[in-house]
Structure formats: structure tokens, C-alpha cells
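Trainee: With the input below, show me the fold.
(2 chains)
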There are 2 protein chains.
Amino acid sequence: MSERGAFWRNIVYEEIVGIVGQKNVYCDEADLLCYSRDAWQLTVPWIKGGGELPKPDFIVHPENAEQISEIVKLANRFRIPLIPFGGGAGVCGGTIPVHGGIVVDLKKMDRIVKVDHKSLLVTVQPGILGEVLERELNKMGYTLPHYPASMYCSTVGGFVACRSAGSLSSKYGKIEDMVAGMEVVIPTGEIIRIKPVPRSSTGPDLKQLFIGSEGTLGIITEVTLKIKHLPEERRFKAFIFKNLHSGIESVIKIFRKGVKPCVIRLYDYIDAQFTLKGKAEIPEGGSYLILGFDGSREIVDLEEKIATGICLEEGGVEVSRELAEHWWRHRYDMYYPDAFRSSYSIIADTVDVAAPYDKLEELYWTIKRTVEERNPGVTMMAHFSHFYEDGGSIYMIFFTQQQDHERAVKVYNSVWKDALEACLKVGGTISHHHGVGLVRAGWMHKEHGKAFDILKAIKRALDPNNIMNPGKLGL
Amino acid sequence: MSERGAFWRNIVYEEIVGIVGQKNVYCDEADLLCYSRDAWQLTVPWIKGGGELPKPDFIVHPENAEQISEIVKLANRFRIPLIPFGGGAGVCGGTIPVHGGIVVDLKKMDRIVKVDHKSLLVTVQPGILGEVLERELNKMGYTLPHYPASMYCSTVGGFVACRSAGSLSSKYGKIEDMVAGMEVVIPTGEIIRIKPVPRSSTGPDLKQLFIGSEGTLGIITEVTLKIKHLPEERRFKAFIFKNLHSGIESVIKIFRKGVKPCVIRLYDYIDAQFTLKGKAEIPEGGSYLILGFDGSREIVDLEEKIATGICLEEGGVEVSRELAEHWWRHRYDMYYPDAFRSSYSIIADTVDVAAPYDKLEELYWTIKRTVEERNPGVTMMAHFSHFYEDGGSIYMIFFTQQQDHERAVKVYNSVWKDALEACLKVGGTISHHHGVGLVRAGWMHKEHGKAFDILKAIKRALDPNNIMNPGKLGL
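Mentor: Residues are numbered from 1 along each chain as shown, chains lettered A, B, ... in the order given. Predicted coordinates for the structure are as follows:
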């Protein structure tokens, strides 16, 4: 909207103030600048090289769904883009206001609305931080077993909008497996509610339409999540394997025995060295596996016993569980700003992909070899950090230092292109949990083929004025 | 189309023959009559009272997705309704051709396309019968742990289209939890594929749009399902409780301990008497619980031990496991025609509902009391046969004998109205796994509130000519 200038902006400003009150509207340059980025690595060399990012026109802090409904109606009247905003913790550019407009920051809607002790369900507003919710639940003896690395600065709304995953996903699933109900302000401004029921056979599951919609189909204003009692016990184990294959085989066999570790992390040779820092020896080409078990003590005992037996049978060498516990204690470190390795000319990022087991190793090798061959000076390392009965994800990390930021950005884009193309060639999915945002927006038609037309048709039907986070998800 | 008469019918017939060949098109009166009904109980007194059901104009048996695509395009040109048809085993009228048109019977598309032994995924065509697929999988040492009572005459396409559930749902989930990928001919005739990946964060989960769409959004032409190795062990237990409450409390506590029985069936007093037939004594107002455990022997041992401890603590009295095994062996009996209790003036049916635990007992009592109070001569009994960590389903069975079929139909409709209204008042969902079809079509707006507008908008966007199973799902 920026180019439409002060005249329009003044009219819209008055309307917004009429809805949320002056104290909840921001448009100072400093504020707008803050909301011009998220945690996308590409923005670092861009900014450090003197580049600017698109700024929004306004930031609003609504206090309830009714205010959001009014803002959505306003946006339709003026054809202003709306960008729902949680913690700004996304790593794909999903909240960058590429077309200007109004950032709808949900952090004032951060209440725990209801705890259903009988069904173990918690209903929260979208702006609550993951860590704050977890602490409150812990006080009551509960946990939402969803620990993404970003959880100190990411919100439940963000989790749901982006299909996020946490370190316990192998047992408890991703956020899409935890949502029982939700309230959404759809692009017409209507407020819809999807009631929490354990299962239903009354048509399509509309929750799964809004989960992962990244703000393009509505603004999530309430979420009901499945919670658990804090586990009686949580215990870790660590193993070194002579190669990646044996590590993956062990994981598959553990699942086939009906054991569900809460943590399964398998590091490739480079990432294992990086993680172990010499605290355990690893043979060249080897891999490093962390397993976690939680729940009732007797079940943990049995699961640990069965899983250990399988790992040893596959040639794994057990190392101190303290190594795994160290990872658990430091599991959030890598996310936070001082751990970011990107700067003016250095850039690092992760490409999180997933595939069924029949393609998983091929996916790893194809991406690694393609990227390293085509981009001299780039190294890829990986850990496989989310496993399921039918397949797993790979967290492929790349790193490069270039002469200057322009070169860094160029290599960055090239690596992404090579990695995603390789992923699709093998039959994997181009994101397991980071989402699409801008970094994968141009890849949605390749990921989904003709099925992407379905999503585009739904977008047109629900948001005819295209006000909801335009340009994201390829929509 | 019937009223448009022979002239039109002839034109369309030639076109259909051009697509699928003469041998795959049926329009004899006897054939049309066969496809005028499914297993909806209401049709029994209706037919026995001399009533007729709406017949289709043609039945086609396509042999591949390309033929279906052509039929869909043809249907768009002539605005002819299409009714996808699997086994005709549905109990909600979902395949009754209320507006005439072409029944697309998928039973010629019944192949197992691929078995992925590494990822434990099987890809099948939609027309394969559940029982046939299971036997083929068993030969390879696998199982699709999905055993609906109808499985000898229902198809995978039907399972998916209606969000069906089987007796092992408490551990393995409903069919929507087992679908990894699918191919669908959408209402434009385009063939879309959703590739099987364990999880993805690339926008909404479009699978969950077609699962449960009951033929209103497309025709499913291929499904990839998660399978398991046949369990090393499957073992049952049975308990009698002094009331329903203690039975439900036991189930909740079993889940809270992290134990996941593959079978959990809790019968209320009347249903328990009906099921036990005097083989075990049950106190007035008591309940009867069947538990099943499967998997690795050690895990089964431990789960059985923990669950038994909980049941005894809750005042349960253990009875012979042979009683539970008897149910397991006879679990399909109740579905099949000679077990149908409806006739000219007798009508029985089930209303399958679900709710979180905080509402589950209230749901049971409210429906039972409301229906019995308002409909003298009607008895409701129930079993709770699908439990999850956050809630469960209730299979509420009613039975009535009236003077004649007109009276039977009237009471039938009245019971349904009272039951569903009571369900919604409590906050339950009006179907756990039977689906919507016609019997609940008029209730979709009450079930979903304004969210139903979303579904209607999607329907209009994807199927502008409303050719796909019109009148079902309230669409």
C-alpha cells in the first residue's frame, strides 16, 4: 500500500484505530522495520549487505477474534494485505510483508482459555509462546509434547499455521496430530469454530485445511490441543554406528517391534563430529544415534531394553547416555540468535525434507551429492530427527563462506534450487516442518503437481480479494 | 435424468459406451434396481411396504482412472450426477442415486498396485474389498489393521470416502490415520496425485479434504495405506463393572498409563446382556469391557498386566477371556443380511456419535433418555467401541417394532432427530464413522455451524456443475 501514500494511509489508520484503539496500532519506522523480517537466514546477508526488506504499513495488536473479524472486513474493503504474525520465528519468510499491508500481531491474545482435565485438552489463544504454555502446563502436571527449537520465541498460532514439529515428534507426532479443535477468522471476516471431538465422520476434516495454511486462508484465533500428563520417566541412550545405513535400519526395526521412542535423532558423519565434539569416537562414515524413551517406568524399561537389543544387533556401539542428555539439555541452543551462523558473507541454512523409508537414504545422498557437486565450497551435513512408522525426515544443513554478501546470496539460492530439485526427483516432500513461506513458494506446483490447482481454487473461493498473506505458499 | 427420457439417454449411452465399452455399461431394470439402495436400514421397511427407491440411469464399471476422467468430463457436459460406488455397504444412504445419473461402480478396479516392504505401505485401487486385501496382505505377513464389520462387502474406496473405523481403532486409528497418499479424479476430470510421505509442511493436507468427502469432491482411484507386520501376539481380556462409569474410568486410566489396547469395547447394561447371553453374570446397571492387546509378546504381557491392574482397582471383576475371544471370532456377524433385524414393521439402527471424555457419559445418558422418553416403545442400548486418548465414540443402537411400515418409518425418523439433537446439545459429533450420506445430510449445518459454509464454498469451487453425488453431505 506504501505507494498509495499518506492520503490513503490516513483513512485506513483511522478505521484501524476505531477497531482496536490507538494503543494497539503501530506505524513508526522503527516498528515497521522490526516487522519486515522473520528468522529466514537469507535476510541476514541481505541486510548486512545494505539491502532493505519490504515493510508493512501498519502493525495491529488485536485483543480478540471480534476485532480480527473487523480488521479482515476492513482489509477486504480496502484490498489491503493482512499478514498474521506470531513470534516471527519462522525460517522461510512467511511473515515478510512482501506486498505491504497490515501485520496482525497476535501476541496480545495469549491466554490459556480452558483446561479440560478429563479429556486432557487445553484451549489457548494463538499468541501464547510455546515455552510459556509449557511452563503453565507443567505446573498442573501436564505437558504439550511439542518442543520445537524455537519454542522460546514462537507461538501456538505459528506452530499450527506452519505444521511445526518438535523433538518428541516420533512418539507424539507433529502439531497437526495434536490439534483437536480450532477457531478461525476466515477471509470474509466470519468466525468459524471446529469443535474438539476425538474423531468424526461428518465430511472432510476442515482443521487440516487451516493447519499449514500459513495465514493464507484465515487467522487462527483459538486452538484446542491434546496434552499429556508429565511422564513418570524420560531416559536417553546413545549409539555409534559404522555407517548411516545401520542407524536407519535400527530405527526401522525399533518401530517394527512396536516400540515408540520419544526421541530419535540420527546424525550423519559430519554432523556427528560437529555434535559430539570429540566426546566419543566415530569411525569415518559412521553415524550417531540418540534415542529417548518416556512414560510409565515399566514401559520405558521394556522399550529401552528392546531398542538397545536391536541397536547392538545392528552393530551399534553404546556410548554414554550423558552425551544424549547433553543434547537434550541444549536442544534449544542452536536456534537462538547468537547461534546463527549467517553474517555478511557467511550463510548457513537447513533444508528439511522427508520421504518414506524406501527412498530415505537415496534422498539424503542425492541431495548431498547434487548440492556439493554443483556448488563448490558448500558442505552439507544432516541429522534425521523425526521418524515415523513409514518414513522419516532429514534436516540437511548447509554452510558456505563467500567473498561478499552478493555472492553468498547467489550461492544460497543455488543450493536451495539444487536441493529441492533433487528432493522432488527422488519423490520426497520439500518440507517436513519448516513450511513454505517465500523460500519454497515457487516450488509448490512441483511439490503438488495438479493437486496445487485444488489449493489455488480453494484460495480463490475463500479469499477472492487475496488479502490473506498474499504471495505465501505460492498463492 | 430419467424424466429427460429415451432421447437423451440414448445419446449419453453411446458416449459412455465409447469410453468404457459396452460390456462395462448396465441399464437393465434389474441392474438399476440393485443400485437403488445401500445398507441403510430405513430402506428395508420402505421397500417391504411397497415403496420404491430412486434408480440410477446407468451403471458403469470403469477399468482405470483415465476412463473415470472421461466419464467425469462427460457428466459435466450433460450435467449428469455421478455416484461413486464401492461395495454398497454404507448404512447412511450415501450411494442412493437420489437425482438419478450414472453409478460409477469401482469394483473392476480392485488391484494391489504396489507393496513397499521397506516403508510398510500398500497401494491399492479403490474397488478392492477389505477382506480380500487383508487376506493378500496376511499371505505376505502383513495386515491393514482396519476391520470394520462390513469388511467382507466393503471396499477401500468406501472406507476412505466415508472415514470408516474398524475394531482395532483404539490402537491403530481410523482409516484417515492410515492413508499416506492417494490419487483422485477431481470434478473437472483432472487426475491428481498426493504422494505418500510420512509428514509434510507444504500447505494444507489435501488428503483430509477427500477423505470423508463421500463422493462429493471427486472419485478416489488409488490409495496408499500404512500396513503393519502381523502381530506376534493378540490377546483378550474381559471384565464386568458395577456401572458404566467405572468402565469408562478404567479406559481413561489405561490410556493415561501409556497403554494402547488394540480393542476396547465397553457395553452398557442392556447391550452387555444381549452380548453375554447369560455366559457371565452382570449386576443391574453394570457394564462389560473387552480389551485386546497385540504386538510383540513382551509388550503385550506388560500392557495386559498394567491394564488388568487398573480394571481391578476400579472394581472390575475379571471374567473368562473366552468371552472376549468369542466376540472377536464373531465380530463380523452382526453386519450381514441375516443379522439385520429390520423388516416390514421392525426397525433397528445405530447412531454412532463421539465426544471428548468430559462429555462422553453425558452424551450417552442424554441421547438415551431423550430418545426413550420421546419415543415410547423404543429401547436404546449402546457399546463404546472406539476410544482415544481424548475421548471416545458411542454406538447407540435402537430398536422398535410398530404396527406397520409407515409407523416404523415415522418412529425411525423421530428417533434420529431426537438422538442427533441431543448429541449436538451436549457438544458431541453426530457421526464417528458411519458418515453422513442422506441420513445426516440435513444436519451438517448444525454439526459444523458456519464452518459448513467453507465446505459449501469448496464444493462450488471444485464442482461448479454439482455433478458429484449431489444431495449427499448436505451438498
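Trainee: Give me the residues contacting the longest helix seen in chain A.
Mentor: Among the elements of chain A assigned as helix by DSSP state H, the one spanning the most residues is helix A:405-426. For helix A:405-426, contacts defined as CB atoms under 8 Å, 6 or more residues apart in numbering or on different chains pick out A:41-42, A:45-46, A:48-49, A:344-347, A:349, A:351, A:353, A:355, A:359, A:362-363, A:366-367, A:370-371, A:374-375, A:377-378, A:396, A:398, A:400-402, A:429-430, A:439-440, A:443, A:446-447. For glycine as for every other residue, the C-beta is placed from the backbone atoms N, C-alpha and C.
Trainee: Where strands are concerned, which of these count?
Mentor: A:346-347, A:349, A:351, A:353, A:355, A:396, A:398, A:400-401 (DSSP state E).
Trainee: so which of those comes closest to residue A:460?
Mentor: Using CB to CB, residue A:353 comes nearest to residue A:460 of the ones in strands among the contacts of helix A:405-426, at 29.1 Å.
Trainee: Report the contact partners of that closest one.
Mentor: Counting by CB under 8 Å, 6+ apart, residue A:353 has contacts A:363, A:367, A:393-394, A:396, A:419, A:423, A:428-432.
Trainee: pretty sure residue A:360 is touching residue A:390, no?
Mentor: No: with contact defined as CB atoms under 8 Å, residue A:360 does not count as touching residue A:390 (10.2 Å).
Trainee: which one of the ones in strands among the contacts of helix A:405-426 is nearest chain B?
Mentor: Of all these, chain B sits closest to residue A:355, with 6.1 Å by CB to the nearest CB.
Trainee: What does the pLDDT read for the closest one?
Mentor: At residue A:355, the pLDDT value in this model is 98.
Trainee: Can you tell me which residues in the stretch 1-150 of chain A are near chain B?
Mentor: By CB under 8 Å from any CB of the partner chain, the residues of the stretch 1-150 of chain A that approach chain B are A:116-121.
Trainee: What about those, which one has the most neighbours?
Mentor: Scoring these on neighbours with other CB atoms under 10 Å in any protein chain shown, the highest-scoring entry is residue A:119 at 26 neighbours.
Trainee: Leaving out the residues flanking it, which one is nearest to it?
Mentor: Closest residue in space to residue A:119, ignoring its immediate chain neighbours: residue B:356 at 3.6 Å, by CB to CB, 6 or more residues apart in numbering or on different chains.
Trainee: List the residues that contact the one you found.
Mentor: A:116, A:118-119, A:121, A:180, A:196-198, B:390-391.
Trainee: how about a cut-off of 6 Å?
Mentor: When contacts are counted by CB atoms under 6 Å, 6 or more residues apart in numbering or on different chains, residue B:356 touches A:119, A:196, B:390-391.
Trainee: out of these, which one sits closest to residue B:284?
Mentor: Nearest to residue B:284 among the contacts of residue B:356, with distances taken as CB to CB, is residue B:391, at 27.2 Å.
Trainee: And the closest one, its phi and psi?
Mentor: phi 170, psi -170 (degrees, to the nearest 10).
Trainee: what about it, distance to chain A?
Mentor: From residue B:391 across to chain A, the span is 4 Å (CB to the nearest CB, to the nearest Å).
Trainee: Quick one: the strands in the stretch 51-200 of chain A, in order.
Mentor: A:58-60, A:82-85, A:102-105, A:112-116, A:121-124, A:142-143, A:179-185, A:191-194 (DSSP state E, counting those that start in this stretch).
Trainee: Tell me which of those strands sits most buried.
Mentor: Comparing those by mean neighbour count (mean count of other CB atoms under 10 Å in any protein chain shown), strand A:82-85 comes out on top with a mean of 28.
Trainee: hmm, who's touching it?
Mentor: With CB under 6 Å, 6+ apart, strand A:82-85 has contacts from A:75, A:95, A:97, A:102-105, A:215, A:219, A:467-469.
Trainee: could you redo these as JSON lines and give each row pLDDT and distance to residue B:133?
Mentor: Compiled in JSON lines, the contacts of strand A:82-85 are given as follows (pLDDT from 0 to 100; distance: CB to CB, whole Å):
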{"residue": "A:75", "pLDDT": "97", "distance to residue B:133": "49"}
{"residue": "A:95", "pLDDT": "97", "distance to residue B:133": "45"}
{"residue": "A:97", "pLDDT": "97", "distance to residue B:133": "50"}
{"residue": "A:102", "pLDDT": "97", "distance to residue B:133": "52"}
{"residue": "A:103", "pLDDT": "98", "distance to residue B:133": "50"}
{"residue": "A:104", "pLDDT": "98", "distance to residue B:133": "48"}
{"residue": "A:105", "pLDDT": "98", "distance to residue B:133": "50"}
{"residue": "A:215", "pLDDT": "98", "distance to residue B:133": "40"}
{"residue": "A:219", "pLDDT": "98", "distance to residue B:133": "42"}
{"residue": "A:467", "pLDDT": "98", "distance to residue B:133": "46"}
{"residue": "A:468", "pLDDT": "98", "distance to residue B:133": "41"}
{"residue": "A:469", "pLDDT": "98", "distance to residue B:133": "42"}
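Trainee: can you put those in JSON lines and add distance to residue A:58?
Mentor: Output for those, formatted as JSON lines (distance: CB to CB, whole Å):
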{"residue": "A:75", "distance to residue A:58": "11"}
{"residue": "A:95", "distance to residue A:58": "14"}
{"residue": "A:97", "distance to residue A:58": "10"}
{"residue": "A:102", "distance to residue A:58": "5"}
{"residue": "A:103", "distance to residue A:58": "7"}
{"residue": "A:104", "distance to residue A:58": "9"}
{"residue": "A:105", "distance to residue A:58": "10"}
{"residue": "A:215", "distance to residue A:58": "16"}
{"residue": "A:219", "distance to residue A:58": "15"}
{"residue": "A:467", "distance to residue A:58": "14"}
{"residue": "A:468", "distance to residue A:58": "16"}
{"residue": "A:469", "distance to residue A:58": "15"}
